[in-house]
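>>> next come a sequence and a model predicted from it.
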Amino acid sequence: QVQVVESGGGLVQAGGSLRLSCAASGTSGSTFSIYSMGWYRQAPGKQRELVATIKNDGIRTYADSVKGRFTISRDNAKNTVYLQMNNLKPDDTARFYCYAGNYYDMRYWGKGTLVTVSS
């Protein structure tokens with residue numbers, strides 16, 4: 001059973017930074033091979049939206065709203081993905097969810113970590 005666990009959320013003032021981490025475990029000995037990992041977020045009353053993704057080959061995708069402020073990186077050997085968030089804004093307040101996906105886009109999701117940005 002693949003498990004995905006996020007960490008690093010918290011309360012920060014506008015303009016501040018946070019670094020989220022996400023580790024996927026349980027892939028050894030399973031047929032699930034991680035191809036991409038990434039982050040989505042869901043603010044209160046809104047739909048879940050893409051934040052950033054990264055594939056095995058290093059190709060990254062970012063939402064327009066976070067380009068230039070957020071950076072996604074990955075340690076393939078550790079099945080871990082990071083999200084460095086700089087210049088945070090109150091609009092970034094949301095629960096951030098991490099996923100680990102295979103080549104066919106089957107995904108395992110974490111339970112999320114809460115990021116609150118105060119003005």
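That came through, no problem. Numbering: from 1, shown residues only.
>>> how close does residue 55 sit to residue 34?
Separation of residue 55 from residue 34 (CB to CB, to the nearest Å): 10 Å. For the C-beta atoms, the positions are set from N, CA and C on the backbone; glycine is no exception.
>>> so those two - more neighbours on which side?
Per other CB atoms under 10 Å, whichever of residue 55 and residue 34 has more neighbours is residue 34, with 20 against 16.
>>> quick one: residues contacting the spatially most central residue of the chain.
A centroid search over the chain (CA atoms, centre = their mean) returns residue 39, at 2.6 Å, as the residue closest to the centre. Contact analysis of residue 39 by CB atoms under 8 Å, 6 or more residues apart in numbering lists 20, 22, 51-53, 72, 81, 83, 96-99.
>>> hmm, 7 Å instead?
20, 51-52, 72, 83, 96-98 (CB atoms under 7 Å, 6 or more residues apart in numbering).
>>> now swap in residue 103 and tell me
residue 35.
>>> cool, and residue 4?
Contacts of residue 4 (CB under 7 Å, 6+ apart): 22, 24, 98-100, 108-110.
>>> surely residue 33 is within a strand?
No. Per DSSP: H, G, I helix; E, B strand; the rest coil, residue 33 lies outside any strand segment and is coil.
>>> tell me where this protein has helices.
Assigned by DSSP state H, the chain shows no helices.
>>> hang on, the earlier thing: could I have the buried ones of the contacts of residue 4 as PyMOL selection syntax?
In PyMOL, a selection of the buried entries from those looks like this (16 or more other CB atoms under 10 Å):
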select buried, resi 22+24+98+99+100+108+110
